[in-house]
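Trainee: make a model of this:
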Amino acid sequence: MKAVHGDITALLNAGVLSRAEGGGVEFPFDAIKVEFLLQAA
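Mentor: A predicted model of the protein is given here:
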(Lines give C-alpha, C1' and ligand atoms only; values in the text may rest on other atoms or scores of the structure.)
Protein backbone atom coordinates (compact mmCIF):
# COMPACT_ATOMS: atom_id res chain seq x y z
CA MET A 1 0.00 0.00 0.00
CA LYS A 2 2.96 2.31 0.63
CA ALA A 3 3.99 2.09 -3.04
CA VAL A 4 0.48 3.05 -4.18
CA HIS A 5 0.58 6.16 -1.98
CA GLY A 6 3.91 7.16 -3.51
CA ASP A 7 2.56 6.61 -7.03
CA ILE A 8 -0.56 8.69 -6.32
CA THR A 9 1.57 11.45 -4.81
CA ALA A 10 3.85 11.50 -7.86
CA LEU A 11 0.86 11.66 -10.22
CA LEU A 12 -0.70 14.48 -8.18
CA ASN A 13 2.58 16.42 -8.26
CA ALA A 14 2.86 15.90 -12.03
CA GLY A 15 -0.69 17.19 -12.57
CA VAL A 16 -1.98 13.88 -13.97
CA LEU A 17 -4.38 13.43 -11.04
CA SER A 18 -6.14 16.08 -9.01
CA ARG A 19 -7.77 16.18 -5.60
CA ALA A 20 -11.50 15.54 -5.66
CA GLU A 21 -14.06 17.02 -3.31
CA GLY A 22 -14.36 14.74 -0.31
CA GLY A 23 -10.65 13.95 -0.17
CA GLY A 24 -10.28 11.45 -3.01
CA VAL A 25 -8.38 11.81 -6.25
CA GLU A 26 -9.65 12.03 -9.81
CA PHE A 27 -8.34 11.74 -13.35
CA PRO A 28 -9.64 15.00 -14.86
CA PHE A 29 -8.99 14.10 -18.52
CA ASP A 30 -10.66 11.95 -21.17
CA ALA A 31 -7.26 10.55 -22.16
CA ILE A 32 -3.55 11.35 -22.04
CA LYS A 33 -0.69 10.49 -24.38
CA VAL A 34 2.57 9.54 -22.70
CA GLU A 35 5.78 9.35 -24.69
CA PHE A 36 9.13 8.42 -23.19
CA LEU A 37 12.46 6.83 -24.05
CA LEU A 38 13.70 3.88 -21.98
CA GLN A 39 17.40 3.06 -22.32
CA ALA A 40 19.59 0.43 -20.72
CA ALA A 41 21.95 1.78 -18.07
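Trainee: now the strands: where do they sit in this protein?
Mentor: 18-19, 25-26 (DSSP state E).
Trainee: quick check: mean pLDDT of the last one?
Mentor: Across strand 25-26, pLDDT averages out at 96.
Trainee: coming back round to it: which one of the strands of the chain lies nearest to Met1?
Mentor: Met1 lies closest to strand 25-26 among these, at 14.8 Å (C-beta to C-beta). Where you see a C-beta, it was placed from the backbone N, CA and C, and this is true even at glycine.
Trainee: and that closest one, what does it pack against?
Mentor: Judged by 3 or more C-beta pairs under 8 Å, 6 or more residues apart in numbering; DSSP states H and E, strand 25-26 is in contact with helix 2-14, strand 18-19.
Trainee: identify the residue nearest the residue most central in space within the chain in space, chain neighbours excluded?
Mentor: In the chain, the centroid-proximal residue (C-alpha atoms, centre = their mean) is Leu11; its distance is 2.4 Å. Excluding the flanking residues, the one nearest Leu11 by C-beta to C-beta, 6 or more residues apart in numbering is Leu17, at 4.4 Å.
Trainee: settle this for me: that neighbour is touching Thr9, isn't it.
Mentor: No: assessed by C-beta atoms under 8 Å, Leu17 is found out of contact with Thr9, at 9.3 Å.
Trainee: which one of the two is surrounded by more residues?
Mentor: Comparing Leu17 with Thr9 by other C-beta atoms under 10 Å, the one with more neighbours is Leu17, at 19 against 12.
Trainee: how far away is the more buried one from Ile32?
Mentor: When distance is defined by C-beta to C-beta, to the nearest Å, Leu17 is 11 Å away from Ile32.
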